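S.K.: Fold the following.
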Amino acid sequence: MPTLSVIVSGHAPHSRLRTCLDSVTAQTAPDLDIVVTVPDTDGPQRALAALHEVSDPRVTVVPVAPGAPATTARAAAADAASGAYLQFLHPATDRLPDGAATALTARLDALREAPDVLLFDHHHAHWWDDAVPSGATDLLAEAGATVTLADRPALLDVAPLLGNRLISARLLADHPELIGTEGHDELYLSYAVLLLARRVTATTAVGLVRHKDRPTQRRAAGPEQHFAAFGQYERLHQLAQAAAAPTALRARLYDRMVGDYLATLARRDELPPALLTEYFRCAARHTARFRPEGHRRPGGLDGVRHALLGRGAHLGYRLLRIANDKRRAAQAAAATRAEQVTAARTRHRYRRALRRSVDQDLAVFSAYWGRGVHCNPAAIAAELAELAPDIHQVWIAAPDRVPLLPPGTDHVIPGTPRYWDVLARAKYLVNNVNFPNGVVKRPGTVHVQTHHGTPLKRMGVDQRDYPAAAQGLNLEALLERVDRWDYSLSANSHSTETWQRAYPAGYRTLDYGYPRNDIHYRATAADVRTARAKLGIEPGRRALLYAPTHRDYEARWRPRLDLPRLADDLGDDTVLLVRGHYFHNRLPGPVRHDRVLDVTGYDPVEELALAADALITDYSSIMFDYANLDRPIVLHTDDWETYTATRGVYFDITAEPPGHVTRTQDELTGILRDGTWCDEAAAKQRHDFRLRFCEYDDGRAAERVVRRVFLGEGEESLPPVLPLERRTPAPTPEEATRR
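M.R.: Model prediction:
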């Protein structure tokens, strides 16, 4: 008997049905059983299902009468299913993520006792992102091992979706009324199987992606979906009573019901005004009728709404809503007025400061929009403190970054009076991004644009043909900011040419290298050992730095690798250091592996590079910096076509890589296990890459910048760039252990 039957049942547009079926048939779990219901008529849905049935022997198509209710189709599919567990998918809203069936069946195989229901996590799919976490991860993690619902009433807070739970065929056989009776739908069935289950197991594995409709789509579906909940909740309370559910469990079900009713009332644009009163009355009857004895309402405004609904006080509820609307409108208006007054005062202060003389010994530094002392500006500031200590340095830091500044760092917070004062008076302004639009370029001041990476992806005005990358970007305003630059740093000829095309203006290019990369040539064996010790990496262990870049076509970051599985496959002697793009603060979701370290918030990133034996990345500019260390680099480019189409690139990195290129996790695992990652072919690719992209980096970039920009020395007196063959990178971790 197969462990799992996946049932696809319900009406859906042709494209949605195809997406759902493709996601199911792509599953590689052994002995998977797939049952699909379609109308018993000739049509595109029947043809699509038949095509899958012919091409995949696991698929069984069950015809149902045209227009048959969802429960009829679902019952017919359940009768045809042969698995010990059933997962119900609606093709209009559901699909399976890659590897879901394998992960879920593996979880079942690992259990000593077979549960009646396996409850798991899911993702939401919006039009802009198909991997938004459900918010139930922590709840599922806490439940863990097999329990009864009476032990964990909070499991009712997991979204009531049929697709995010595996239901045992035994439970359905014992209770045929669950799916064989008309009038039941997803809400009822999702909760009913939990109420009837003797054993429930929870897992954080993601086994479903649920498509979320936009508000206009929900309104188009009509009000019936909202009113249908009343009958389902009534049946659920009857079921809980018949099953002698404990008080705590019935109270949790009651809270879920009232919460759903209040949420629908809050989204009043989804119900026609003529039906809002009727909906309120129905909700009020249930709120009063099913309230458990001794139940305590929540506090605050939620408790007031709860009480008004329970008393059927529609007028009071409407008055409260009107009062809240007015209060929010008044708060918004007051906030707007306050912002306008503050902005006016700020402009006035800034104009007054601009009338003061320029302070010849004042330098303002910023990195990544006020994130603190980082990147090229930090390296320049450190060298400036050595060569020109009389120049006073002030850093721009956002409020949440102030506690992270090095002790004694003079700083200003954006928007404060002193912030605008130093921006108005400083002779030197150094940034790796741009200063705000309102900053004025005064005669005699010097603006240094350090950049923060070698460009692979399209930048500046070159983004104009890529809407995903240029979303919200005002190119005219960008060019006005670029016009303030006096100097632009470059690490190689490619960057020099790219910056001049992407940011056309009258600045002077400094082909000096990136100051942040100086450490890759100056660091000692002790520095490497210290960097690894800070991260808890034991001598002899291989540390792989995984640093993917940001995707403009994704609203939220999600690693493109199954990191726990990769760590397991690579063995105990390998540690994964996972570094997200600077747009993000941490990995999405908790890290549940002792050899997967989330170092997204770790600074400086250069220390991570020193600690790592090799780099795994995709299109991140970190590869150009890391190449200075002359250590192995592996590119994992599973979405190269999508990335290039949405973001645009300047050249094909897969054709000119700094090391081996993989497209699947299995390929990546293979080369990391068999030694290919550091073979002679990889070394040859890295050498050619370094010749091209580490052109000016030799450990003295910051010195050249300080001498030229701050001390006014001529080009002829600056340290010349050493040829690649004469440079000595920092020791590798293996070399550092021998010194």
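
S.K.: Tell me where the stretch 151-300 of the chain is predicted with low confidence.
M.R.: 181-184, 214-217, 220 (pLDDT under 70).

S.K.: which residues of it fall in helices?
M.R.: With DSSP state H, counting those that start in this stretch as the criterion, the stretch 151-300 of the chain has helices at 169-174, 177-180, 186-196, 215-220, 224-242, 247-266, 273-289, 300-310.

S.K.: Quick one: low-confidence residue ranges for the stretch 301-450 of the chain.
M.R.: For the stretch 301-450 of the chain, no stretch is flagged by pLDDT under 70.

S.K.: was I right about Arg311 contacting Arg281?
M.R.: No - Arg311 is not in contact with Arg281 according to Cβ atoms under 8 Å; the separation is 11.8 Å. Any C-beta I mention is one placed from the backbone N, CA and C, and that applies to glycine too.

S.K.: returning to that earlier point: out of the helices of the stretch 151-300 of the chain, nearest to Ala154?
M.R.: Across the helices of the stretch 151-300 of the chain, the minimum distance to Ala154, taken as Cβ to Cβ, is reached by helix 247-266, at 6.9 Å.

S.K.: Alpha carbons of the closest one, as CSV, please.
M.R.: This file holds the C-alpha atoms of helix 247-266, laid out as CSV (Å, rounded to 0.1, in the frame of the first residue of the first chain):
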residue,chain,number,x,y,z
THR,A,247,-13.4,22.9,28.0
ALA,A,248,-10.1,24.3,27.0
LEU,A,249,-10.4,22.8,23.5
ARG,A,250,-14.0,24.0,23.1
ALA,A,251,-12.9,27.5,24.2
ARG,A,252,-10.1,27.5,21.6
LEU,A,253,-12.6,26.5,18.9
TYR,A,254,-14.9,29.3,20.1
ASP,A,255,-12.1,31.8,20.0
ARG,A,256,-11.2,30.8,16.4
MET,A,257,-14.9,31.2,15.4
VAL,A,258,-15.3,34.6,16.9
GLY,A,259,-12.0,35.7,15.5
ASP,A,260,-13.0,34.7,12.0
TYR,A,261,-16.3,36.5,12.3
LEU,A,262,-14.7,39.7,13.5
ALA,A,263,-12.1,39.5,10.8
THR,A,264,-14.8,39.3,8.2
LEU,A,265,-16.6,42.3,9.7
ALA,A,266,-13.4,44.2,9.7
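
S.K.: got the angle between that helix and helix 186-196?
M.R.: With axes from the mean of the first three to the mean of the last three Cα atoms, to 10 degrees applied, the angle from helix 247-266 to helix 186-196 works out at 170 degrees.

S.K.: number of nearby residues for Thr728?
M.R.: 11 (other Cβ atoms under 10 Å).

S.K.: mind checking pLDDT for it?
M.R.: Predicted confidence (pLDDT) for Thr728: 96.

S.K.: Mind listing what's buried along stretch 644-659?
M.R.: Thr644, Thr646, Arg647, Gly648, Val649, Tyr650, Ile653, Pro657, Pro658, Gly659 (16 or more other Cβ atoms under 10 Å).

S.K.: meant to ask about stretch 279-295, not that
M.R.: Tyr279, Phe280, Ala283, Ala284, His286, Thr287, Phe290, Arg291, Pro292.

S.K.: what's the answer for stretch 452-470, then?
M.R.: Neighbour counts using 16+ other Cβ under 10 Å place 452-463, 466, 468-470 of stretch 452-470 among the buried residues.

S.K.: on that earlier part again, which of the buried residues of stretch 644-659 sit farthest apart?
M.R.: Thr646 and Gly659 (24.6 Å).

S.K.: Could you give the bridge partners of Val132?
M.R.: His124 (DSSP bridges).

S.K.: Number of residues surrounding it?
M.R.: When neighbours are counted by other Cβ under 10 Å, Val132 comes out with 19.

S.K.: any idea how far it is from Asp121?
M.R.: 12 Å (Cβ to Cβ, to the nearest Å).

S.K.: And Thr71, by the same measure?
M.R.: Applying Cβ to Cβ, the value for Thr71 to Asp121 is 26 Å.

S.K.: Between these two, which is the more surrounded one?
M.R.: Asp121 (23 against 19).

S.K.: hang on, that one packs against Ala205?
M.R.: Yes - look at Asp121 against Ala205 with Cβ under 8 Å: they come within range, at 6.4 Å.

S.K.: Longest helix in this protein, by number of residues?
M.R.: Determined from DSSP state H, the single longest helix within the chain is helix 314-354.

S.K.: Can you spell out which helices and strands pack onto it?
M.R.: Contacts defined by 3 or more Cβ pairs under 8 Å, 6 or more residues apart in numbering; DSSP states H and E place helix 314-354 against helix 273-289, helix 300-310, helix 417-425.

S.K.: Quick check: phi and psi on Val61?
M.R.: Dihedral pair for Val61: phi -100, psi 130, per degrees, to the nearest 10.

S.K.: and it, what does it touch?
M.R.: Residues near Val61 by Cβ atoms under 8 Å, 6 or more residues apart in numbering: Val36, Thr37, Val38, Arg46, Ala49, Ala50, His52, Glu53.

S.K.: if you set the cut-off to 6 Å instead, what comes out?
M.R.: By Cβ atoms under 6 Å, 6 or more residues apart in numbering, the residues touching Val61 are Val36, Ala49, Glu53.

S.K.: cool, Asn437 as well?
M.R.: By Cβ under 6 Å, 6+ apart, the neighbours of Asn437 are Ala477.

S.K.: repeat that with 7 Å
M.R.: By Cβ atoms under 7 Å, 6 or more residues apart in numbering, the contact set of Asn437 is Ala477, Arg481.

S.K.: Quick check: the gap between it and Arg481.
M.R.: Applying Cβ to Cβ to Asn437 and Arg481 gives a distance of 7 Å.

S.K.: ditto for Ala609
M.R.: 30 Å.
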